[in-house]
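# Sequence and predicted model, in that order:
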Amino acid sequence: MRKAEEGLVSMCEERARMLQDQFAVSVNHVHALAILVATFHYEKNPPALDQDTFADYTARTSFERPLLSGVAYAQRVVHADRENFERKQGWIIKTMTKKEPSPVQDEYAPVIYSQETISYIEGFDMMSGEEDRENILRSRELGKAVLTRPFRLMSNHLGVVLTFPVYLTDLPPDAKVEDRVSATAGYLGGAFDVESLVENLLRQLAGNQELVVNVYDVTNISNPLVMYGSEVPLGNPSPSQTCMLDFGDPYRKHHMVCRYRNKPEVPWSAISTPSGVFVIFMLAGYIIYAAWSRYDNVKEDCRKMEELKKRAEAADVAKSQFLATVSHEIRTPMNGVLGMLDMLLDTDLKSTQRDYAQTAQVCGKALISLINEVLDRAKIEAGKLDLESVPFDLRSILDDVISLFSSKSREKGIELAVYVSERVPEILLGDPGRFRQIITNLVGNSIKFTERGHIFVQVHLADHSNLATEAKVESISNGMNGHKDETTAVATSVSRNTLSGFEAADSRNSWENFKLLLSYEKNEMPYESVSDKVTLVVSVEDTGIGIPLEAQSKVFTPFMQADSSTSRTYGGTGIGLSISKCLVEIMGGQINFVSRPHVGSTFTFTAVLQRCDISAISESKPVMLQPLPSSFKGFSALLVDRRPVRATVTKYHLQRLGITSEVVATTELALGMLSGRNGHSLTSTKLPSMLLIESDSWNSKMDVSLQSRLLEVKQNGHTPVLPKIILLAAAESDKRKANYAVDSVITKPLKASTLAACLFQALGITQTQPSNEKRDNSGSLRGLLLGKNILVVDDNRVNLRVAAGTLKKFGAKVECVESGKDALALLQVPYKFDLCLMDIQMPEMDGFEATRQIRAMEAKVNEQADADGDSEADGATRAAKWHLPILAMTADVIQATHEECTKCGMDGYVTKPFEEKQLFQAVQKFLDHGMSS
């Protein structure tokens, strides 16, 4: 053992001595460069050295400094000379960290010469870093090379920075500190690869495989810093040898620690001694004791885990009960609100009143969907979220979303618009509620974070969108969480020819690509219709505040927000985007985004839906269409709009009403087309019935001049009837622009139903109520409920009124009671009711208990009838007769509530607030005409 220790000491001292010598050679090379700079830059007039010469010389002589990754020279500049220095150099002095102009200080050390490999540091102030400043001050005071703490170089090796002073004159070795400081001209520095130096040295020596060598910076002995080797503590219990290292810097201390890779083998004779036998028995006893203790610990851990499992199960039950209670208490008043709105819509209303009521109804339904978001997240995590597959009208859904946010967009004065490609089928098969939820979340976020500009929703077929993107945009790499890497993204050019004129984050939505998509539609480019699946690309573009770069990787994380402080400007739960991402993936698509701070964000997702032929829609799966009036077919319009994207959106809504339109950029061009002057003429032979003018194309001087010009056109015989002048206003303030010269003002955002209502009023056309479709949809429900006696049980009088009004609308005879006890008093055999709708949560006796007692009473009556000796056929008929269909009216949407309904004997349930379609599906199998009463 002693011989092994002596060999360890010898080998460690040899390696330490050779390492010091190699390091001293590298320091001498840096010293030589410092002399070169002093000679050719300061002793020659003019200086014989510049950046190109320095870079060329250091590149050619780099073989002398293989372990220096780069060298640079920083000139000493006092504050009084800073302005002249920057003017001479043609750049300003910048800090190393933030790369911004260096703040005012006594002196600076900007880099003026650098090796080509590190040319990017030119102009950086080497004194802007705290440690670098200390090293510079120490080097000029000592006149020696000083070192920094070890850090990771760009090669990922550990290294240090050498700093060497350059003096204007030769100084004696015993020069005073003041003389050295005043004679300092600058500083030469280089990054030194310590790890490679030690590695090369050990490779040359014999016995390298036997030793483990570590080099430490022990300036702070309580916290040694590794310069080479693994981070093994200095106090390692294995035999080791420590040697001091002198790298020439009196301030920094360095150690080399050497130890054998494997401990020296112990001879067999040491084990066979009495002490060795005793140690072996002690170890065996300890192993047995430790195993037994481990067994006891595992048993105790299993007991605790079982207890924690029971607590978790109890907490899960408590959470379900809490969610059920909260859901019920919120949905109960919302049922009254939506029910009353539905009853209001069945009365005679003016077009504006009907639009307001419909918008309020859409908002109420959206609030119900927001209540479900937390429950949706729980279902997604449990893997129990299933999608519907029913026919739906995509364009109607987008109109509903626009209605939801219309007032907020008008209040902020931002453009809110939607465009759906003509090639997208009218009816699709999928889950309309979940699709609406995704769009609502994305548009809601855009509304929240956008204060100027626009929000633009586009829907295209995936094939056409890909073709347009490939034609104009370079490839953009995806980030880890679906977002685009801002350092590599963005396409060929940034165009501001957008919906509002503000720059958008994703240039793939530029006007050039939009024109390509429109050309594909007009040319009727064939779509690959081999399969019934349709892949849609939906983008929601805004010009809001954008997402900070550091927050983009957390956008789709649940309950995470870019600003989570209590003083944040924007509210929200931070769960909407997470749910949207999960829903998109369940639909077979993907979602990603491009966001640029202070420019905006564009979220894009794909969804795989199915084609649906309108003729193939069955009555069991009716599609709720919002029929548009056909009164405008054959009308034409002239649109004045200087923004082509916005004009295309307006044409899209006019086209949905059957109105053809032409677009001009100014009112002068519009008047020229109406009069046929200056070579302008309408492409259509039919004169326009209306002149639509965007608010930003209107000015205060046009009130009188436009009317006079139109009268002049009429008098000249160019048009027998003047077109109606309609102003398109994006904000409420725009309405005041034209009080006298226009016939009507349409406030954006545009949607087909609102546009139709305003045009009916402006053109003086009698509006026909499009109620045929609604009667057709509800006709089957009326056939089921007509003349039926239905008992409604609910402790909330508003809900009773809503339920009774809805059922009476379809011809049912309704009786209402407010408690389970009152229901039991009325429900006595023989029944006079065909159906019972029963609330679940009621005082005194809830719906579950009332149903159990009703079923017990029915069972008792049926058993008594069997005991009276009725025939088997009569008994079967009587048993079927004395079973009253009971449907739960529940405001809970969790699975546990539905299971409890079935367990207590209920036949089904309808969720409050219920709609016609849901009510039809629930009562169809109980009140079908084919069933006996």
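Good, I have the coordinates. Numbers count the residues shown, from 1 in each chain.

# Show me what the host helix or strand of Gly444 is packed against.
In this structure, Gly444 sits in helix 432-449 according to DSSP states H and E. Counting contacts by 3 or more CB pairs under 8 Å, 6 or more residues apart in numbering; DSSP states H and E, helix 432-449 is packed against helix 351-382, strand 390-393, helix 394-412, strand 454-461, strand 533-542, helix 576-586, strand 600-611. Yep, even glycine has a C-beta here, placed from its N, CA and C like the rest.

# Can you check which of the ones you listed gets nearest to Glu694?
strand 454-461 (13.0 Å; CB to CB).

# wait, isn't His255 in contact with Thr219?
No: His255 lies out of contact with Thr219 (CB atoms under 8 Å); the separation is 10.4 Å.

# So if I had to pick from the two, which one is more boxed in?
Per other CB atoms under 10 Å, whichever of His255 and Thr219 has more neighbours is His255, with 18 against 15.

# Note down every partner strand of the host helix or strand of that one and its orientation.
Remark: His255 resides in strand 254-260, with elements defined by DSSP H and E. Note on strand 254-260: by DSSP bridges, its sheet partners are strand 211-217 (antiparallel), strand 240-245 (antiparallel).

# distance between it and the chain's centre?
Relative to its parent chain, strand 254-260 has a centroid offset of 52 Å by CA atoms, centre = their mean, to the nearest Å.

# just how off-centre is stretch 533-551 within its chain?
Distance of stretch 533-551 from its chain centroid, counting by CA atoms, centre = their mean, is 8 Å.

# how much space between Met842 and Asn799?
11 Å (CB to CB, to the nearest Å).

# cool, and Met256?
The gap separating Met256 from Asn799 is 84 Å, by CB to CB.

# which of the helices and strands packed on helix 432-449 sits most buried?
The highest mean neighbour count among the helices and strands packed on helix 432-449, using mean count of other CB atoms under 10 Å, belongs to strand 454-461: a mean of 24.

# For stretch 906-914, C-alpha coordinates in CSV please.
Included here for stretch 906-914 are C-alpha records, laid out as CSV according to Å, rounded to 0.1, in the frame of the first residue of the first chain:
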residue,chain,number,x,y,z
MET,A,906,-85.7,6.9,-14.3
ASP,A,907,-86.1,6.2,-18.0
GLY,A,908,-83.8,8.9,-19.2
TYR,A,909,-82.8,12.5,-18.8
VAL,A,910,-82.8,15.9,-20.5
THR,A,911,-80.1,18.4,-19.7
LYS,A,912,-81.2,21.9,-18.7
PRO,A,913,-81.5,24.1,-20.6
PHE,A,914,-82.9,21.6,-23.1
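
# And the contacts of it?
Identification of contacts with stretch 906-914 by CB atoms under 8 Å, 6 or more residues apart in numbering yields 331-332, 334-335, 338-339, 368, 799, 802, 806, 837-838, 847, 851, 885-891, 893, 898, 901, 918-919, 922, 926.

# Filter those residues down to the buried ones and hand me the PyMOL line.
A single PyMOL command selects the buried members of the contacts of stretch 906-914 (16 or more other CB atoms under 10 Å):
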select buried, resi 331+332+334+335+338+339+368+799+802+806+837+838+847+851+885+886+887+888+889+890+891+893+898+901+919+922+926
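
# Filter the contacts of stretch 906-914 down to just the ones in strands.
Judged by DSSP state E, strands contain the following of these: Leu837, Met838, Ile886, Leu887, Ala888, Met889, Thr890.

# Neighbours of Ala865, how many?
17.

# residues touching the closest residue to Pro224 other than its chain neighbours, list them.
Residue nearest to Pro224 in three dimensions, not counting chain neighbours: Tyr216, with 4.3 Å by CB to CB, 6 or more residues apart in numbering. Under the criterion of CB under 8 Å, 6+ apart, the contact list for Tyr216 reads Pro224, Leu225, Val226, Met227, Leu234, His254, His255, Met256, Val257.

# which residues sit against stretch 11-21?
With contact meaning CB under 8 Å, 6+ apart, stretch 11-21 is reached by 197-198, 201-202, 205, 207, 211, 213, 215, 241-247, 256, 258.

# repeat for stretch 108-121
For stretch 108-121, the external contacting residues (CB under 8 Å, 6+ apart) are 37, 49-51, 54-55, 58-59, 62, 69-79, 82, 85, 89, 93, 96, 102, 122-127, 136, 186-187, 191.
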